[in-house]
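Enquirer: Fold the following for me, if possible:
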Amino acid sequence: MKILMFDSPEFWYRTFSKTLESVESMNEEKTVKDSIVIFLQSESEDESQNERVLEKAVSNISWLAKKVGRVKITLHSFAHLSESKSSIEFAKKMIKSIKSKLIEKGFEVDMTPFGYFLEFKIHVNGESLAKVWKSI
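Expert: Alright, predicted model coming up:
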């Protein structure tokens, strides 16, 4: 799994086009304030290490959120961080599992629509910890 994390005072997105025919059609536009925005990609090798990858992802995300004092987390599936891609079903399940585990830890967690290209704007703070990349 690859994770790119941003400490963001403001993240705006709007659905642009479906990438998966199987997802329901929607037009969604949302602004999220004061959130850690997580771009993540499940890789094919993650499928055989499901629990380890889930635990490490939640640990890394929780660590950064606590370090910068955020309680809101926004998860965005972003299949452009690696050439290795898991199955779509696994990626969707993994994101939902990460969301559930973070909620259990007391975070407010939102997800962008899965299976869509998004138009987005992101304001990222300037500090070093405002931009963190992890390979799990």
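Enquirer: Give me the longest strand you can find in this structure.
Expert: Among all segments of the chain classified by DSSP state E, the strand with the greatest residue count is strand 2-18.
Enquirer: Does anything pack onto it? Which helices or strands?
Expert: In terms of contacts (3 or more CB pairs under 8 Å, 6 or more residues apart in numbering; DSSP states H and E), strand 2-18 is packed against strand 29-41, helix 50-68, strand 72-77, strand 116-123, strand 131-135. Any C-beta I mention is one placed from the backbone N, CA and C, and that applies to glycine too.
Enquirer: one more time with 7 Å
Expert: Applying 3 or more CB pairs under 7 Å, 6 or more residues apart in numbering; DSSP states H and E, one finds that strand 2-18 contacts strand 29-41, helix 50-68, strand 116-123, strand 131-135.
Enquirer: Of these, which stretch is the most buried?
Expert: Neighbour counts (mean count of other CB atoms under 10 Å) averaged over each of these peak at strand 29-41, with a mean of 19.
Enquirer: Which residues does it contact?
Expert: 1-14, 61, 64-65, 70, 72-79, 81-82, 95, 110, 122 (CB atoms under 7 Å, 6 or more residues apart in numbering).
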